Structure formats: structure tokens, C-alpha cells
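Colleague: Got a sequence here, can you build the structure:
(one chain, ligands or ions: 1)
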Amino acid sequence: MIAFLSDIHSNTEALGAVFEVIDREKVDRILCLGDIIGYGPEPRETLRTIMQRCEFSLRGNHEEGALLNASDFNPRARVAIDWTKKQLTPPACQRQESFAFWNYLDKLERSRRDGDMLLVHGSPKDPVREYIVPKDAADRAKLAEWFSLFDGAKVCFVGHSHVPGVYLESGRYLSPQDVGGTFELGSERAIVNIGSVGQPRDGDTRASFVFFDGKRVRFERVTYAFEKTMAKIRATGVLPEYLAERLANGR
Ligand code: ZN
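Modeller: Sure thing, here's the model as predicted:
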């Protein structure tokens, strides 16, 4: 069984709650689809955990923003990226670990083919930056292009939009509720968005991730102490208040 995580966004409370659930299951692999950092208050702690516990992570737009440039980010996301870069580049005492963080970020791949799976942060077309959202299910041309880039895979796992669900090749979007929490792969190819651990945007404040046994995708939601994360965001004195508030709204 594989546990997939994505979009942790420097939220250690959410990540800790997710690992409590994962650690109760018989899991063979833990894979991260990117956006480990950005937005949240604890980039170092979050990176440390992901580096220790995940077989690999992919590169998200926030990693790319920190490594290259964040010129296409909205102002609030850019404030968070600039602050995050500072946290990862502190004074001498933590120099060695900081070097390891940047080295790790620099080596993150943009996509992976793994067995029957294609893994990306964004979309098959733009693995780092393109969003897949429910209304795209009605856009035949967009869907056809994404599925044409599957490279032999049967299922593609993505993150990035922070809205979990399944996109079928025939042009349907199914929310986790629509499938009763579990989606079983059939003859039709699918794109599965696993949602966000650290900043859900589907109106549900709980951390989102999935388990995959090769056939069934099980959507999971976990309650965590978002008030603590909100307090830590405010305590930075730099990260925008909006980034705290949205955790309480799941938006
Ligand atoms: Zn994200």
C-alpha cells in the first residue's frame, strides 16, 4: 500500500496528524507530490519530516518558487516564499542542515513514471504549475491532452489545486463524497487529485491525503489543531493574516 501526501505547506500540525493515521496502517511506501513548503510557519520542521519519512517528493510550484523565482505568485504567496527562503538560510549554527535542505529541494524531480502510475504536482502537461479543478472535467480538449501525456500509465496522481477528487477520461469529475470515500480503478484511465495536507480548499478544514493499494484509492480526512498553526503563522509577524484565516475556513 502507498500513502500519497501533497501540499503540506509547512504545516507540522496537519502533517503530524496525517502520519498518526499512516502509522496505524501497513504502508509500504510514502510518496509526496510536492509543495512541502510555502504559506505555513514551519518549513524546516516540515522538510525534515518529509526527507526522513518519504521515499521521494516531487517538485511543487512553491519549491520551484524558492529555488528559481516566484514572479508569477500572488503577493501573499510571494511574501510567504521570501520568508520561507530566509528560514531555510539561517545563521551558522544550522548551516549544515540548511545546505541539506537546499540540496534536497534542488534535486526534486518534476514528474515520475512508477509502475502503472504517472505522478506530478500539477498536471501531465505542466507537472509543476498547471491546476486541475472540477470544472476542467467538462473541457474535452484539456482532458484529452492530459490523457495523451500518460506515457502508458493507467492512473495519474496529482496535488496542487488542494481539491481532492477523480477525473475520468470520459469527462466526469467525482468528489470523494461521490465515490463514498473509495474510488476503484476500472477500465477507464483516471487522474486522482489527492487534496492538500496543510491547506485544504474544498471547504473542509481537515487534512487530506490518500491510500492506494494498486486498485483502490481511499480518500482520507484527518482533524488537526489548525488553531495552533494559525497562532504560529501570526507569531511570525510577517506571514499574512489571510494565510492563518483560510485554515479555519478550509478555503
Ligand atoms: Zn499547494
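
Colleague: show me the contacts for Gly198.
Modeller: Residues counted as contacts of Gly198 (C-beta atoms under 8 Å, 6 or more residues apart in numbering) are 7-11, 14-15, 39-40, 46, 207, 229. Where you see a C-beta, it was placed from the backbone N, CA and C, and this is true even at glycine.

Colleague: Distance of it relative to the ion?
Modeller: With distances defined as C-beta to the ion, to the nearest Å, the gap from Gly198 to the ion amounts to 8 Å.

Colleague: for Arg113, helix, strand, or coil?
Modeller: Look at Arg113: counting by DSSP: H, G, I helix; E, B strand; the rest coil, its state is strand.

Colleague: Surely it is in contact with Asp151?
Modeller: Yes: using C-beta atoms under 8 Å as the test, Arg113 is close enough to Asp151 to be in contact (5.7 Å).

Colleague: where exactly do the helices run in this structure?
Modeller: 12-22, 43-53, 61-67, 75-87, 95-107, 140-148, 226-235, 241-249 (DSSP state H).

Colleague: I'd like the ones you listed as CSV, with mean neighbour count appended.
Modeller: What follows is these, written out as CSV (neighbours: other C-beta atoms under 10 Å):
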stretch, mean neighbour count
helix 12-22, 20
helix 43-53, 19
helix 61-67, 23
helix 75-87, 18
helix 95-107, 14
helix 140-148, 14
helix 226-235, 18
helix 241-249, 16
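
Colleague: Could you save these as TSV and add columns showing distance to the ion and mean pLDDT?
Modeller: Written out in TSV, the entries for these read as follows (distance: least, C-beta to the ion, whole Å; pLDDT from 0 to 100):
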stretch	distance to the ion	mean pLDDT
helix 12-22	12	98
helix 43-53	13	98
helix 61-67	6	95
helix 75-87	9	93
helix 95-107	15	94
helix 140-148	19	97
helix 226-235	15	98
helix 241-249	12	97
